[in-house]
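1. return a 3D structure for these sequence lines:
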Amino acid sequence: MDSPDFDLVVAGAGGGLVAALRAAELGANVLVVDADEHFQRGNNTSMCTAMIPAAGTRWQEAAGVQDSPDQFLDDIARKTSATADRRVARALAESSASLVTWLADNQGLELELVTDFRYPGHTADRCHSIPGRHGSRLLRHLVQRAQAHPRIELIAPMSLCQVRAADGRVTGVEIATPDGNSEHLTTSAVLLATNGFGADRDLVRRHMPEIADAHYHGGRFSRGDALRIGRELGADSAFLDAYQGHAALSARSQTLIGWATVVHGGVIVDSTGRRFAPETTGYSEFAAILAGRPGAAGWIVIDEHIAELCSVFDDFRTVAESGSLVRAATAAGLADSIGVPAAAFEDELDAARRAAAGKEPDRQGRTDTRRPLAAPYIAIAITPALFHTQGGLVVDEHARVLAGETPIPGLYASGGAAIGISGHGAGGYLAGNGLITALGLAFLAAEHVGSAVTA
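-> Below is the predicted model of the structure:
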């Protein structure tokens, strides 16, 4: 039998690059294609905060953090009310430490454990990130490593149009340039890493209508290609109502402010000057709540201390440099500056300050320990956003795409192209779920492909 053109074809140069690098390391010849010529600044990996949750790592051990894959799995189950796919969640939790170790030791990524704050739902400090805490830096590093690898060819813009199969097994692909020139290549393995369908408004409205009118803050080529290609081969799909929303997108700069503003003690008010929900519910489900408020808009209120803590994020500095931070010496002055009723706003800040100091229960049921806000105050206008979908093709613990619980030989999916670990809706999203499925499932797919190459 003739050798295939490539041992693995990866569609999507975001988290899919992890699969390319690992498979190439194991001896595979890999082609990576991406439909977006500007994918380095336009896909979901590049837009994230580069938070990779991993349990039982050497970084945690050095910091004295007690954690385990079982504890991570319990947190996922708790956040999703036990609706997440347990097989996939367990595979990701158990391989997470190996993933971040490989990224650091084999790929030279400068990782650090985030210990200055903890996202809602995590019971241990387990998010690992990079200096600047921005996905563009992570993606740039992976791209440079892939471009330097002799076994990896990276082409963009180039779309995966079709996966060909014979007797139910992947045999090749059709790829095409934007002007329609196509080419057929042989391969025994394809990873669909094309993200989800957040850019397709019709699909979003069908599966998650409550967020359909919100701003979409994701890759413009996330149009459900993986769903179409997988279904053509008989693949199953699930959790199509799941998504990551975000309630901390700057209305002015259209840049992520970051939920660290809230975790460090910030509060959120709407146009009435009132808080309206416990901010510790999580930024994903809070997006849908904010979308239902008057004007679908609000304000994050912080102080100078919180602003300093959040300056470690590239995104927060970008928001600050855009002029989006409104400052005032008093609550009444800030209310006047942002156009909300002063009496209501002052009352809310006073109550929130008393609750944070432990003098009374929080009006919205917020239960975290936080430092009371102190004048002078800062307000940042926010708008709810859809970041990415969290449902897709059903996969197993090796990221193999399933049809009726049976793997389609040679077909894999990762990230938003696959089912995630967020259960249903927006409420099951745990910080880092998007990146761990993008990188983790890609890593597991590469391990499986590599085992066949080296056999």
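
2. grab the CA positions of stretch 398-417 and hand them over as PDB.
-> What follows is stretch 398-417, C-alpha atoms only, in PDB (Å, rounded to 0.1, in the frame of the first residue of the first chain):
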ATOM      1  CA  HIS A 398      -9.000   9.400  22.800                       C
ATOM      2  CA  ALA A 399     -10.900  12.200  21.100                       C
ATOM      3  CA  ARG A 400     -12.200   9.800  18.500                       C
ATOM      4  CA  VAL A 401     -15.400  10.900  16.900                       C
ATOM      5  CA  LEU A 402     -18.300   8.400  17.600                       C
ATOM      6  CA  ALA A 403     -21.200   7.200  15.500                       C
ATOM      7  CA  GLY A 404     -23.600   5.300  17.800                       C
ATOM      8  CA  GLU A 405     -20.900   4.800  20.400                       C
ATOM      9  CA  THR A 406     -18.600   3.300  17.800                       C
ATOM     10  CA  PRO A 407     -15.400   5.300  16.800                       C
ATOM     11  CA  ILE A 408     -15.100   6.400  13.100                       C
ATOM     12  CA  PRO A 409     -11.600   5.100  12.400                       C
ATOM     13  CA  GLY A 410      -9.300   8.000  11.700                       C
ATOM     14  CA  LEU A 411     -11.600  10.800  12.700                       C
ATOM     15  CA  TYR A 412     -10.900  13.000  15.800                       C
ATOM     16  CA  ALA A 413     -12.300  16.200  17.200                       C
ATOM     17  CA  SER A 414     -11.200  18.700  19.800                       C
ATOM     18  CA  GLY A 415     -12.100  22.100  21.300                       C
ATOM     19  CA  GLY A 416     -15.400  23.600  20.100                       C
ATOM     20  CA  ALA A 417     -15.700  21.000  17.300                       C
END
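
3. that stretch: which residues count as buried?
-> By neighbour count on 16 or more other C-beta atoms under 10 Å, the buried set for stretch 398-417 is 399-403, 407-417. Quick note: C-beta positions are derived from backbone N, CA and C, even for glycine.

4. and that stretch, what's its mean pLDDT?
-> In this model, stretch 398-417 has an average pLDDT of 97.

5. quick one on the thing from earlier: of the buried residues of stretch 398-417, which is the nearest to residue 135?
-> Distance to residue 135, by C-beta to C-beta, is smallest for residue 415 among the buried residues of stretch 398-417, at 12.3 Å.

6. name the nearest residue to that closest one, ignoring sequence neighbours.
-> Once flanking residues are discounted, residue 415 sits nearest to residue 438: 3.5 Å by C-beta to C-beta, 6 or more residues apart in numbering.

7. what about the helix or strand harbouring the one you found, average pLDDT?
-> Element membership of residue 438, judged by DSSP states H and E, is helix 433-453. Averaged across helix 433-453, pLDDT comes to 94.

8. would you put the C-alpha positions of that helix in PDB?
-> The C-alpha trace of helix 433-453 is given here as PDB (Å, rounded to 0.1, in the frame of the first residue of the first chain):
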ATOM      1  CA  ASN A 433     -13.100  24.400  30.100                       C
ATOM      2  CA  GLY A 434     -12.600  25.900  26.600                       C
ATOM      3  CA  LEU A 435      -8.800  25.700  26.600                       C
ATOM      4  CA  ILE A 436      -8.500  22.300  28.300                       C
ATOM      5  CA  THR A 437     -10.800  20.700  25.700                       C
ATOM      6  CA  ALA A 438      -8.900  22.600  22.800                       C
ATOM      7  CA  LEU A 439      -5.500  21.600  24.000                       C
ATOM      8  CA  GLY A 440      -6.300  18.400  25.900                       C
ATOM      9  CA  LEU A 441      -8.400  16.600  23.300                       C
ATOM     10  CA  ALA A 442      -5.800  17.600  20.700                       C
ATOM     11  CA  PHE A 443      -3.100  16.100  22.800                       C
ATOM     12  CA  LEU A 444      -5.100  12.900  23.400                       C
ATOM     13  CA  ALA A 445      -5.800  12.600  19.700                       C
ATOM     14  CA  ALA A 446      -2.100  13.000  18.800                       C
ATOM     15  CA  GLU A 447      -1.200  10.300  21.300                       C
ATOM     16  CA  HIS A 448      -3.700   7.900  19.700                       C
ATOM     17  CA  VAL A 449      -2.500   8.800  16.100                       C
ATOM     18  CA  GLY A 450       1.100   8.500  17.200                       C
ATOM     19  CA  SER A 451       0.600   5.000  18.700                       C
ATOM     20  CA  ALA A 452      -0.500   3.900  15.200                       C
ATOM     21  CA  VAL A 453       2.500   5.600  13.500                       C
END
